[in-house]
Structure formats: structure tokens, C-alpha cells
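Asker: Fold the following, please.
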Amino acid sequence: MGIFSRLKNMTRANVNSWRDQSDDPGKSIDEYLRSLNSDLGKVKAETASLLAEERRAKNALDECCAEIIKMQRYADKSVEAGNEDESQKFLEQAKKLGERLSDLQNAYNLASSKAASMKQVQDRLIADLAELEQRRIELKGKLAEARLQQEMNSDGLSSGQASFRVIEEQMTQAIHEAEALTELRAGVRKDDLDNK
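Answerer: This next block holds a predicted model:
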């Protein structure tokens, strides 16, 4: 009996060692989510950078528009004052600013579309992470349940049932011995009565 219990213990130890060496799915899930959270941090930083670039482009565009309006106002005041040469200079500056305004508008549109696109990626990643976190909780629960089931199947129920059977056999044997002893005593008393 001692050899079988040692063999059982050694087998159980080897199985547990193998299970520990294998890749733990729970740890893999956690590592994957840590990686995604790291990626989310990078996406947030990039989104913030693009939003800042969009604000800079918007400010430059607004300043250029304000300068054009200001130059046109100066040109109008110069005309009212009778200073045509100065009015022409202000109109030329307004024209140069108008050409620059087109480039600034294109830069703003590009920055705005990049920022909007990155914001969508960030929002989608946040939503995906929330969903994956829910699934992680479910999977970890299922994994714990599966491990418990494996433990119960490997030693819980089978050795418990075997132990119960051994106890049941011992009780049955004790009952049979008691009955046999009772029959023997009854037989001895009957023989004693017959001899008297």
C-alpha cells in the first residue's frame, strides 16, 4: 500500500510541475491587457500631440485672418485719408497674407483630420479594452472553475470515493466478523448446554 501512495504522490507532483511550467492562460491574458494599456498610453500621447498641433494650426489660421482684416481696414483708412500709396502697401500685405491663408487652411484641415482620426482610434481602443477587461474577468472565472474541476477529478472525487469504499469495506468486514463471532458464541453456548 505504501508504494502505491508514493507513486500516486510522485505522479501528482510531476503533473503539478508540468502544469506550472506550461504557459498560464491567466498570466497571458493579464500580460496582453498590460500591453494594450501601454499601447493606449502611447495612443493618448499621440492624440494629445495631434490635438495640440490642430490648436496651433487653428491659432495660426485665426491670426492670419485677423491680420488680413486689419490690413484691409488700414487700406480703407488710408484711402479715406487720401494716401493711395500707403493703401496699396496694405492691400499687397493683405494679398500676401491671403496666399498664406490658403496654406494655413490646408495645414489646419490636415491637422484636424489627423486629430479626429486618432481620437476615433483612441475611443475605439478604450471601448475594446473595456470589453476585453470584461472578457478577462469571465475567462479568469472559467479558468478557476476548470482548475477546480481538474483538481476534483484528479484527486478530489476519485480518491474520496476510493477512501469511502475502503471505509465501507472495513465496516462491512467488521460487521461480518461481529456476526461470525456472534454465531460462534451462540454455537459454543448451545454446545455447553448440550454437554450439561
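Asker: Could you pull up the contacting residues of the residue nearest the centre of the chain?
Answerer: Nearest residue to the geometric centre of the chain (Cα atoms, centre = their mean): Leu33, 3.6 Å. Residues near Leu33 by Cβ atoms under 8 Å, 6 or more residues apart in numbering: 129, 132-133, 136. Every residue, glycine included, has its C-beta placed from N, CA and C.
Asker: now the residues you listed: which count as buried?
Answerer: Neighbour counting over the contacts of Leu33 (16 or more other Cβ atoms under 10 Å) leaves 129, 136 as the buried ones.
Asker: What about the contacts of Leu33, which are in helices?
Answerer: 129, 132-133, 136 (DSSP state H).
Asker: Switch those residues over to CSV; also include pLDDT and distance to Lys70.
Answerer: Output for the ones in helices among the contacts of Leu33, formatted as CSV (pLDDT from 0 to 100; distance: Cβ to Cβ, whole Å):
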residue, pLDDT, distance to Lys70
Leu129, 85, 48
Leu132, 84, 53
Glu133, 87, 54
Arg136, 83, 58
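Asker: With respect to Lys27, which of those is nearest?
Answerer: Arg136 (11.5 Å; Cβ to Cβ).
Asker: re earlier: please tabulate the ones in helices among the contacts of Leu33 in TSV, including the columns distance to Leu97.
Answerer: Shown next, in TSV, are these (distance: Cβ to Cβ, whole Å):
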residue	distance to Leu97
Leu129	46
Leu132	50
Glu133	51
Arg136	56
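Asker: What about Arg55, how many residues nearby?
Answerer: 14 (other Cβ atoms under 10 Å).
Asker: Tell me the pLDDT of it.
Answerer: For Arg55, the pLDDT comes out at 96.
Asker: what is the rounded mean pLDDT of the helix or strand where Thr182 lies?
Answerer: In this assignment (DSSP states H and E), Thr182 forms part of helix 157-195. Taken as a whole, helix 157-195 carries a mean pLDDT of 71.
Asker: next one: stretch 118-125
Answerer: Average pLDDT, stretch 118-125: 88.
Asker: And the strands in this structure, which stretches?
Answerer: In the chain, no segments count as strands under DSSP state E.
Asker: Please, where are all the helices along it?
Answerer: 2-21, 25-80, 84-151, 157-195.
Asker: okay, the angle between the third one and helix 25-80?
Answerer: Read that as helix 84-151. Here helix 84-151 runs at an angle of 170 degrees relative to helix 25-80 (axes from the mean of the first three to the mean of the last three Cα atoms, to 10 degrees).
Asker: So which elements touch helix 84-151?
Answerer: On a contact count with 3 or more Cβ pairs under 8 Å, 6 or more residues apart in numbering; DSSP states H and E, helix 84-151 meets helix 25-80.
Asker: show me the contacts for Asp123.
Answerer: Taking Cβ under 8 Å, 6+ apart as the definition, Asp123 has no contacts.
Asker: Tell me how far Leu36 lies from Asn59.
Answerer: 34 Å (Cβ to Cβ, to the nearest Å).
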